[in-house]
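Colleague: here's a sequence, model it:
(one chain, ligands or ions: 1)
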Amino acid sequence: MNNEDATPNMRLAVNIDHIATLRNARNEGHPDPVEAALLAERSGAAGIVCHLREDRRHIKDNDLARLREAITTKLDLEMAMTDEMQRVALSVKPELVTLVPEKREELTTEGGFAIQKYFSHLAGFIKPLRDKEIGVSIFIEPEEESIALAAEAGANIVEFHTGTYSLRTGESEIAFELERIRSAARIAREAGLTVVAGHGLSVLNIAPFRELHDIEEVSIGHAIISRAVLIGLPTAIREIIDLIRR
Ligand code: PXP
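Modeller: Numbering: from 1, shown residues only. Reported below is the predicted structural model:
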């Protein structure tokens with residue numbers, strides 16, 4: 001198979017964390033992340049992603065259980081490498097776990113997982129998950145050493161952190177980041193890993209990914225949810241006006 005044919009259709013996984021952020025502003029059940037997940041599936045999403053954080057700031061345990069019941073594509077549980085999260089994953093059995101770094105004070109995931117630092121514990125953490133047929137992805141920087149360590153630890157997927165790419169504004173800097181991602185994706189595929197990319201991707205910066213044939217899937221959250229709010233606003237307003245007109 002040549003490289004052009006490798007990934008004819010890139011898949012989109014939709015992260016619904018920020019539906020829960022909106023819901024939690026009132027804590028009255030709306031908007032429901034499960035309803036959002038089902039809408040995402042009906043709209044073509046190949047998977048649903050959620051991050052169960054230690055502080056449960058958006059997705060809660062009950063959301064995760066309901067998502068597990070409801071969705072029919074695949075559930076990707078983003079989580080920190082902790083004993084608590086390993087227990088949750090083994091009990092909920094998502095199709096896939098993505099290991100991410102997590103700091104309480106951060107607003108969102110900042111950078112890739114420090115795979116060198118935690119490598120000695122990684123294989124032992126991953127094995128029970130893989131034994132239960134849960135796929136394991138590690139969110140890493142697009143660099144060769146991290147890819148090799150992810151494969152050695154028993155992950156079957158790597159997700160490249162695209163936050164740096166998404167923040168670049170100059171043409172040559174963007175091209176440099178894309179080349180870094182392209183070359184890392186090739187190395188990862190050659191190592192037998194499935195390659196995903198995510199963080200900060202949006203309608204403004206996703207188009208060049210069509211040419212990154214070794215990337216099979218992109219994972220997008222904030223930009224889709226925030227755009228949906230604006231795109232949906234006229235309809236939501238018209239609905240109310242129609243209801244209050246005599
Ligand atoms: N992939 C991973 C591993 C993440 O932690 C996040 C953020 O939760 C995303 C993808 C999605 O990033 P964004 O919300 O910026 O699209």
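
Colleague: so what's the residue nearest in space to the middle of the chain up against?
Modeller: Nearest residue to the geometric centre of the chain (Cα atoms, centre = their mean): S219, 4.1 Å. Neighbouring residues of S219 by Cβ atoms under 8 Å, 6 or more residues apart in numbering: A13, V14, N15, V49, D76, T98, E159, V196, A197, G198, H199, L201. All C-beta spots, glycine's among them, are computed from the backbone N, C-alpha and C.

Colleague: same thing but 10 Å
Modeller: Neighbouring residues of S219 by Cβ atoms under 10 Å, 6 or more residues apart in numbering: 11-15, 47, 49, 76, 78, 98, 137, 139, 159, 162, 196-199, 201.

Colleague: show me which of those neighbour the ligand.
Modeller: When contact is defined as Cβ under 6 Å from any ligand atom, the contacts of S219 meet the ligand at N15, E78, T98, F139, E159, G198, H199, L201.

Colleague: mind checking the SS state of the residue nearest to the centre of the chain?
Modeller: What DSSP: H, G, I helix; E, B strand; the rest coil gives for S219 is strand.

Colleague: any residue of the longest helix along the chain touching the ligand?
Modeller: What stands out as the longest helix in the chain, according to DSSP state H, is helix 222-244. Yes. Residues of helix 222-244 contacting the ligand under Cβ under 6 Å from any ligand atom: H222, A223.

Colleague: quick one: the strands in this protein?
Modeller: 11-15, 47-51, 75-79, 96-99, 135-140, 157-161, 194-198, 217-220 (DSSP state E).

Colleague: make JSON lines out of these and add mean pLDDT.
Modeller: Putting the strands of the chain into JSON lines (pLDDT from 0 to 100) gives the following:
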{"stretch": "strand 11-15", "mean pLDDT": "98"}
{"stretch": "strand 47-51", "mean pLDDT": "98"}
{"stretch": "strand 75-79", "mean pLDDT": "98"}
{"stretch": "strand 96-99", "mean pLDDT": "98"}
{"stretch": "strand 135-140", "mean pLDDT": "98"}
{"stretch": "strand 157-161", "mean pLDDT": "98"}
{"stretch": "strand 194-198", "mean pLDDT": "98"}
{"stretch": "strand 217-220", "mean pLDDT": "98"}
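
Colleague: mind checking which of these is nearest T235?
Modeller: Taking Cβ to Cβ, strand 11-15 is the member of the strands of the chain nearest to T235, at 19.7 Å.

Colleague: chain center to the closest one, what's the gap?
Modeller: 7 Å (Cα atoms, centre = their mean, to the nearest Å).

Colleague: what angle separates that strand from helix 222-244?
Modeller: 70 degrees (axes from the mean of the first three to the mean of the last three Cα atoms, to 10 degrees).

Colleague: list the strands paired with strand 11-15, with their directions.
Modeller: As defined by DSSP bridges, the strand partners of strand 11-15 come to strand 47-51 (parallel), strand 217-220 (parallel).

Colleague: ok now the shortest one, how far from the chain's centre?
Modeller: I take that to be strand 217-220. With Cα atoms, centre = their mean, you get 6 Å for strand 217-220.

Colleague: and what of the longest one?
Modeller: Strand 47-51 sits 6 Å away from the centroid of its parent chain (Cα atoms, centre = their mean).

Colleague: what's the answer for stretch 197-211, then?
Modeller: Stretch 197-211 sits 13 Å away from the centroid of its parent chain (Cα atoms, centre = their mean).

Colleague: then stretch 142-154?
Modeller: On Cα atoms, centre = their mean, the centre of stretch 142-154 falls 18 Å from that of its chain.

Colleague: buried set for that stretch?
Modeller: By 16 or more other Cβ atoms under 10 Å, the buried positions in stretch 142-154 come out as P142, E143, S146, I147, L149, A150, A151, A153, G154.

Colleague: wait, I181 touches D214, no?
Modeller: Yes. Assessed by Cβ atoms under 10 Å, I181 is found in contact with D214 at 9.3 Å.
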